[in-house]
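1. curious how this folds, go ahead:
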Amino acid sequence: MTMLTPEILAYVGVSAATEFACDPVEQGAVRRYAQAIMDEDPNYGPDAPTDTPWGGPIAPPLFVNHAIRRPLGAPDIVQERAKDPHFDGTGAPSGGLPPIEPLKGFAVLNGGAEFELYRYARHGERVQVTQRYADITEKTSSKGSMILVTVEAEIRTAENELLLRARRTLIRRPA
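-> Modelled structure (predicted):
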């Protein structure tokens, strides 16, 4: 008997509203990110040569995947729900996407991610992200049935130039 119902499958193709990063790609954030991933490529710094294909300082390839942050003064869901014993630290499955109601109460596991880089973000650029449920399938393992939810994000410049496409797989299992 399948767990995939028409109600669940109706979420395929549902998109979130496009969200802009609260800050442009900024030298200090790029520096901290480059240090955290232990890749201090000179092209990430303010003194990057301008005679490269990028024309000056750029951000590491996956920097833009983490560019959407909570702006100062916005509610912090972790603080708001800190005393809720049922809160597991997650909100919606992906920024702005509606939760898949029939899967409420199912455990969520990270099933991996894949990325397609189209170009590096440059210092000073604004980025935007649009996410959607790209696919929902069912698999059976030795532990039983599971639902695989694929979330696709397109990260673009404010001028709509594609920087990165990210595909994340969420494994949903009955608790």
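2. quick one: average pLDDT of stretch 12-32?
-> What stretch 12-32 shows for mean pLDDT is 95.
3. Ala34 contacts Pro42, doesn't it?
-> No - judged on CB atoms under 8 Å, Ala34 makes no contact with Pro42 at a distance of 10.1 Å. No exception for glycine: its C-beta is placed from N, CA and C like everyone else's.
4. compare these two (neighbour count), which wins?
-> Taking neighbours as other CB atoms under 10 Å, Ala34 and Pro42 compare with Ala34 leading, 18 against 10.
5. ok, that one - contacts?
-> Residues near Ala34 by CB atoms under 8 Å, 6 or more residues apart in numbering: Glu40, Asp41, Tyr44, Pro60.
6. surely it is in a helix?
-> Yes - applying DSSP: H, G, I helix; E, B strand; the rest coil, one finds Ala34 inside a helix.
7. is it true that Ile136 touches Tyr11?
-> Yes - using CB under 8 Å, Ile136 makes contact with Tyr11 at a distance of 6.3 Å.
8. which neighbours do those two share?
-> Counting by CB under 8 Å, 6+ apart, the residues touching both Ile136 and Tyr11 are Ile100.
9. check the residue nearest the centre of the chain and give its pLDDT.
-> Geometric centre of the chain, nearest residue: Asn65, 5.6 Å, by CA atoms, centre = their mean. Per-residue pLDDT puts Asn65 at 92.
10. quick one: it is in a helix?
-> Yes - per three-state DSSP, Asn65 lies within a helix segment.
11. now it: closest residue in space that isn't a chain neighbour?
-> Nearest residue to Asn65, sequence neighbours excluded (CB to CB, 6 or more residues apart in numbering): Ala166, at 5.7 Å.
12. who does that neighbour bridge with?
-> When bridges are called by DSSP bridges, Ala166 pairs up with Phe115, Ala153.
13. isn't it right up against Ile155?
-> Yes - the pair Ala166 / Ile155 is scored as a contact, 7.0 Å apart, by CB under 8 Å.
14. which of those two has more neighbours?
-> The neighbour count for Ala166 versus Ile155, taken as other CB under 10 Å, is higher for Ile155 (25 against 20).
15. where does the protein have its least confident helix or strand?
-> helix 77-80 (a mean of 81; mean pLDDT, DSSP states H and E).
16. ok so, going back, buried among the contacts of Ala34? Need that as a selection in ChimeraX.
-> Buried residues within the contacts of Ala34, by 16 or more other CB atoms under 10 Å, are selected in ChimeraX with:
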select :44,60
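17. okay if I get the contacts of Ala34 as CSV plus distance to Arg69 and secondary structure?
-> Shown next, in CSV, are the contacts of Ala34 (distance: CB to CB, whole Å; DSSP: H, G, I helix; E, B strand; the rest coil):
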residue, distance to Arg69, secondary structure
Glu40, 22, coil
Asp41, 23, coil
Tyr44, 19, helix
Pro60, 16, coil
